[in-house]
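1. Need coordinates for the following:
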Amino acid sequence: MKAEHIEQMRTACRTLGKGGRSFTNAMLYEALGAGRDDQKRRDRIRKRCNDLMKIGELKRVGRGEYEYVAEAAPRRDAPLLNNAWRAVKAAKPGFSVNDITKRSGATHSHVCRWFRHLESEGFIKRMGRDGNIILYRATKLTKETSETPLPPKELRDPFAAEREAVCELVQIFMVGDPYQPGAQAKILKHCRTISGRFEKDQEES
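-> Numbers count the residues shown, from 1 in each chain. So this is what the prediction gives:
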């Protein structure tokens with residue numbers, strides 16, 4: 001199973017199951033974009049549910065219904081940083097944050113904060129600039145280290161609030177009553193969270 005796929009699954013399960021709520025296969029299909037005619041994708045989602053149950057991250061509480069066991073989950077930033085670590089080890093001297101971001105799929109903010117940790121621990125060193133861009137080289141310690149050096153504190157997903165808003169919308173439309181005034185207020189709130197983030201990004205670009 002590809003790491004990025006299981007991480008998408010974890011994100012959906014973690015958010016749908018926030019606060020001990022149970023969630024169903026149907027809600028996962030909706031959150032992960034598996035339409036009624038996409039049987040292959042739905043089969044893969046159910047298989048991933050079985051995989052997560054085997055390692056204790058999901059608990060079945062009914063037919064096609066689960067709870068998420070957060071205590072059994074790995075660090076959320078580990079898969080992203082594992083990819084970035086492989087990119088650092090393979091990079092030639094003179095790489096930048098942008099280079100590692102493009103090669104690893106990690107976000108720019110994740111790599112920036114992680115580089116500060118790598119630099120403080122002696123895994124990378126600065127070797128000049130290209131205009132305003134800081135360039136780095138890997139040290140001997142990097143070549144000798146196979147395990148990804150993770151920072152003491154987990155790096156936050158920069159889209160955590162937006163992902164949570166999407167899953168909350170799925171909850172309301174799948175098991176709630178969108179006609180209720182309280183539900184409608186929540187729908188508007190979550191839509192503002194999502195649109196506000198990208199409106200801000202458009203203004204700053």
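
2. May I have the phi/psi pair for residue 16?
-> Phi and psi for residue 16, reported as degrees, to the nearest 10, are phi -60, psi -30.

3. Kindly provide the distance from it to residue 68.
-> As judged by CB to CB, to the nearest Å, residue 16 and residue 68 stand 7 Å apart. Placement of C-beta: from N, CA and C, glycine included.

4. now swap in residue 33 and tell me
-> In terms of CB to CB, residue 33 sits 19 Å off from residue 68.

5. try residue 173
-> Residue 173 is 20 Å from residue 68, by CB to CB.

6. Looking at those two, which one has more neighbours?
-> residue 68 (24 against 14; other CB atoms under 10 Å).

7. I'd say the more buried one and residue 57 touch.
-> Yes - using CB atoms under 8 Å, residue 68 is in contact with residue 57, at 6.8 Å.

8. Spit out the residues that contact these two alike.
-> Residues touching both residue 68 and residue 57 (CB atoms under 8 Å, 6 or more residues apart in numbering) are residue 13.

9. where exactly do the strands run in the chain?
-> 23-24, 58-62, 65-68, 124-130, 133-138 (DSSP state E).

10. Pick the most buried one from those.
-> strand 23-24 (a mean of 22; mean count of other CB atoms under 10 Å).

11. what is the mean pLDDT for that strand?
-> Summarised as a single mean, pLDDT over strand 23-24 is 95.

12. now do stretch 169-181
-> On average, stretch 169-181 scores 88.

13. Show me which parts of whichever helix in the chain runs longest are buried, residue by residue.
-> In the chain, taking DSSP state H as the definition, the longest helix is helix 181-204. With burial defined by 16 or more other CB atoms under 10 Å, the residues of helix 181-204 counted as buried are 186, 187, 190, 193, 194.

14. now, which of those sits nearest residue 11?
-> residue 194 (14.9 Å; CB to CB).
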